[in-house]
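Undergrad: Return atomic coordinates for the entry below.
(2 chains)
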Amino acid sequence: MKNIAIYLSGNYAEILKHLSDFLEEYNFFGFCQNFKTYEIIKNTPSFKHNFYLYENFNLKFNTLDFDTLREQIPFNLFETSIRDKAHFKRLSGKNQEKALLTMYSIIDEWFESTNPDPLVLPIIESMDAMLVYNIAKSRNVETMCYGHARQINRSFFSDSYLETLPSFSKSITTKVEHINFANAFLNAYQLSPGKMNYANQVKELYSSFQNQDQLSYHKPINLFLRLIRNIKLKLTYEKWNQLSLFYIKFLVTIERIVIPIQKQAYLIFEKLYLKPIKKLCNINHFKLGFCNTLIINNYLSNE
Amino acid sequence: MNGNYAEILKYLPDFLEEHEFVAYCQNGPSNDLIKNCPKFKNSFYLYENFNLKISTLNFKELRESIPFNLFRISLSDKSHFKRLSGKSHEKVLLTMYSIMNEWFEKSNPDVVFLPIIESIDSMMLYDIAKSRNIKTICYCHARQVNRSFFSDTYLELLPSFSKNIKAKQEYIESASDFLATYRNDPSILNYQNQLAKLYSDFQIKDQLPNSKRLSLISRFVRKVKLKLTSEKWNQLSLFYNKFLVTIESFLVPFQKQIYLVFEKLYMRPLDSLPEHFDYFPLHFSPESSINTPAPFYIDQMRVIDEIMLNRDSNHILIVKEHPAMYLKRNFAFYKELKRKPFIRFINKEFNSIELIKKANETFSVTGTACMEAFLLNKKWKMLGSNFLSEFLKENPEGSPLDFISTIFKVSAEFVLYTPPFKDSVNKRALFARQNLINMSNYFRFYLKNIENNNSN
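TA: I've put the predicted structure just below:
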């Protein structure tokens, strides 16, 4: 039986805990980025073993010989660190370095004890996920990164964090139905690109599902309990987990209220200060990217 | 003729009588000097009709007709025209193009000589010449060996004919002596020492006459007059810039002391070296050696990210501040750098050569740190291009001895820089008759070899 390890960041455990029920021919291991994920997965019997990134993080962080460890790592850790959006970057460079090296030491031990093949990464949007990916690559472990062709709302797996199409795509012959589908999509898109938005596409996908039965998931606990749990974790295991900062949670929470106000303020700023052009002639176009976004942070080194 | 170069270049026709000279003057003082020199057949002044042109040109049409990238030219500006809004900057560039293009139309030169490219006007002149297939000659100085040469490119690469010239035994011996001295004590070969030696070697030390500097008030009145009339758009002659340059010598000692405190309390630099490390000395910024050949790297944070992203190792990168940049960078730069992993500052007093000698690898954009590492047989990587990197691209197995002897065979003993006003060895070397004799002989040597190279 092959061992599949899944790196479970954010709330992905809620859905990926069910994967093992549909792929019974594999052994599943959960590599958990946070406590919430770990709580979900450790109660999933079809996962053979689970690991929690911050279980012994504080101890390791205080005792590792970083100077020696730094010289042993077979890939570029700075390149890994730059994937972080705005979480670990708040730390000093020295502490970021220690956090990275501690993560390396812990995650490397996971690989040592489970020997997985392949490693599944539902998303790479933080330095821990990138670190898991790089360790897998350095150990010649197959990586499967989830990729989503947003415009046509189709999903695929890629062996690269760049989410390139699978390497075997050239060996599969294109069927007539694929060409017809591509034609129909292009006609619809060129006619009205706005109609092909993500929400519409998901709705269409869902309506085309034969089996719409719902799998179980945990109801979110109330705000107060979540706060207490987060404080407890911050004071104990997850002292160094910058992805669970209260400030970030607060920013995400108020986003919906702030956006309409920001939009109006920007309108005035644009009119009075930026003074944008109204007529177009002989132009090139560059749409500014959302920043920090995983799309840019992950591809930066290649650009 | 930008800056004060006219002061020295006005003599060049006297030493190169076989050629006709036309002057393209970047400012009023240059134009005043050159128009009184009968040896120049004609002279053109950039700001003569600038105000009229900038108000009347059809910029939309002009922009579409230019055969090269004007944005790249705009980046060669250090911090003068960048003070303008993007739109005004664009208008200035297009107006310069229109004026200079007319100069070329009227004078039809075979060769354009650029003593330095450090501003948008000189970069523009260079690009117009290239777009018209006119030969460009850029002055270059191999600082370590204190030899001068000409290059056909703004990247200041060694002349294209260098491969056709055999290295004589005397060049190899001179290169060998130089390397032995350098490796024994690199500090001996500093610029001032080299210049003093060059001057003492000159056979004819007679000084060419140079204009007396006007009094501060007269200069001020002249500047005000120019600023209010023809040079309204000349950002290179801003009072603010002149003021900054004037107070620089008073400010530097204070800045150094304040930086010392800042470094100790905030930067907390390393006092000793780790076992394994890479080294990157920060560049002076903005400066022509980055803005002109490698404008992508003007932002030093971009340089650091590129170094860090493309290394094979996780060694600490030691960063050292440039001595001329104390308190000149934004605080945000240091703050951001402190938040980058695997990067440490080193105490500003730490010896740079020792850092190069002990580093696993030394990085630079176009700076001399790479040259020093190369001469000391240490590992280095240059992010931009200069005459060393391009020499090694053409000669992958080239040794320091090959490189230095190549410089010797295609260069000569003369200097060319902005004439200093104070009496010093710099001024005496520049205005020595022998300097102009050597420069003009090198001109002949260069033109002859370029022609031979082209005919081959």
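Undergrad: From here on, just use CA atoms for contacts and neighbour counts.
TA: Fine.
Undergrad: Just the buried residues of the helix or strand that contains B:Phe254, please?
TA: If you go by DSSP states H and E, B:Phe254 is part of helix B:239-262. Residues of helix B:239-262 classed as buried: B:Val252, B:Gln255, B:Lys256, B:Tyr259, B:Leu260 (neighbour count, 16 or more other C-alpha atoms under 10 Å in any protein chain shown).
Undergrad: what's in contact with it?
TA: Residues from elsewhere that reach helix B:239-262 (C-alpha atoms under 8 Å, 6 or more residues apart in numbering or on different chains): B:Ala324, B:Tyr326, B:Leu327.
Undergrad: Then stretch A:197-204?
TA: A:Arg150, A:Gln151, A:Ile152, A:Asn153.
Undergrad: let's go with 6 Å and repeat that
TA: By C-alpha atoms under 6 Å, 6 or more residues apart in numbering or on different chains, the list of residues contacting stretch A:197-204 from outside is empty.
Undergrad: Return the distance of B:Ser55 relative to B:Phe71.
TA: 21 Å (C-alpha to C-alpha, to the nearest Å).
Undergrad: Around chain A, pick out the residues from chain B.
TA: B:Leu309, B:Lys338, B:Arg339, B:Lys340, B:Pro341 (C-alpha under 6 Å from any C-alpha of the partner chain).
Undergrad: what about the strands in the stretch 51-200 of chain A?
TA: For the stretch 51-200 of chain A, the strands defined by DSSP state E, counting those that start in this stretch occupy A:119-121, A:143-149, A:154-158.
Undergrad: what about these, which gets the closest to chain B?
TA: strand A:143-149 (21.4 Å; C-alpha to the nearest C-alpha).
Undergrad: Tell me the strands beside the closest one, with direction?
TA: Neighbouring strands of strand A:143-149 in its sheet, by DSSP bridges, are strand A:119-121 (parallel), strand A:154-158 (antiparallel).
Undergrad: hey, C-alpha coordinates of it in CSV?
TA: Only the C-alpha atoms of strand A:143-149 are listed here, as CSV (Å, rounded to 0.1, in the frame of the first residue of the first chain):
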residue,chain,number,x,y,z
THR,A,143,4.3,16.2,-5.0
MET,A,144,0.7,16.8,-6.0
CYS,A,145,-0.4,20.4,-5.9
TYR,A,146,-4.0,21.3,-6.5
GLY,A,147,-4.4,23.5,-9.5
HIS,A,148,-7.6,25.3,-10.6
ALA,A,149,-8.2,26.5,-14.2
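Undergrad: which of the residues in it are buried?
TA: Neighbour counts over strand A:143-149 (16+ other C-alpha under 10 Å) mark A:Thr143, A:Met144, A:Cys145, A:Tyr146, A:Gly147 as buried.
Undergrad: just stretch A:21-41 next, same as before
TA: A:26-38, A:40-41.
Undergrad: ditto for stretch B:97-106
TA: Neighbour counts over stretch B:97-106 (16+ other C-alpha under 10 Å) mark B:Tyr97, B:Ser98, B:Ile99, B:Met100, B:Asn101, B:Trp103, B:Phe104 as buried.
Undergrad: my read is B:Phe149 is in a helix, agree?
TA: No. Counting by DSSP: H, G, I helix; E, B strand; the rest coil, B:Phe149 is not part of a helix but strand.
Undergrad: can you count the residues close to the residue in the stretch 1-150 of chain A that chain B sits nearest to?
TA: In the stretch 1-150 of chain A, the residue that lies nearest chain B is A:Gly93 (3.9 Å; C-alpha to the nearest C-alpha). When neighbours are counted by other C-alpha atoms under 10 Å in any protein chain shown, A:Gly93 registers 21.
Undergrad: so it sits right up against B:Phe345, yeah?
TA: No. Judged on C-alpha atoms under 6 Å, A:Gly93 makes no contact with B:Phe345 at a distance of 11.5 Å.
Undergrad: quick one: pLDDT of the spatially closest residue to A:Asp108 that is not a sequence neighbour?
TA: Spatial nearest neighbour of A:Asp108, excluding adjacent residues (C-alpha to C-alpha, 6 or more residues apart in numbering or on different chains): A:Ile135 at 6.8 Å. Looking at A:Ile135, its pLDDT stands at 98.
Undergrad: how near is the closest residue to B:Asn2 other than its chain neighbours to chain A?
TA: Nearest in space to B:Asn2, with sequence neighbours left out and distances taken as C-alpha to C-alpha, 6+ apart, is B:Gln26 at 5.0 Å. Distance, B:Gln26 to chain A, by C-alpha to the nearest C-alpha, to the nearest Å: 32 Å.
Undergrad: what sits against B:Gln26?
TA: B:Met1, B:Asn2, B:Leu46.
Undergrad: Could I get the phi/psi values of the second one?
TA: Which is B:Asn2. When read as degrees, to the nearest 10, the backbone of B:Asn2 gives phi -100, psi 170.
Undergrad: And it, how far from chain A?
TA: Counting by C-alpha to the nearest C-alpha - B:Asn2 and chain A are separated by 34 Å.
Undergrad: Please save the CA atoms from stretch B:159-170 in PDB.
TA: These are the backbone C-alpha positions of stretch B:159-170, laid out as PDB (Å, rounded to 0.1, in the frame of the first residue of the first chain):
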ATOM      1  CA  PRO B 159      37.000  47.700 -27.200                       C
ATOM      2  CA  SER B 160      35.700  45.200 -29.700                       C
ATOM      3  CA  PHE B 161      39.100  45.000 -31.400                       C
ATOM      4  CA  SER B 162      40.900  43.800 -28.200                       C
ATOM      5  CA  LYS B 163      41.000  40.200 -29.600                       C
ATOM      6  CA  ASN B 164      42.900  41.400 -32.700                       C
ATOM      7  CA  ILE B 165      45.800  42.900 -30.700                       C
ATOM      8  CA  LYS B 166      48.400  40.600 -29.400                       C
ATOM      9  CA  ALA B 167      49.500  41.100 -25.800                       C
ATOM     10  CA  LYS B 168      53.100  42.200 -25.900                       C
ATOM     11  CA  GLN B 169      55.500  40.900 -23.300                       C
ATOM     12  CA  GLU B 170      55.700  44.300 -21.600                       C
END
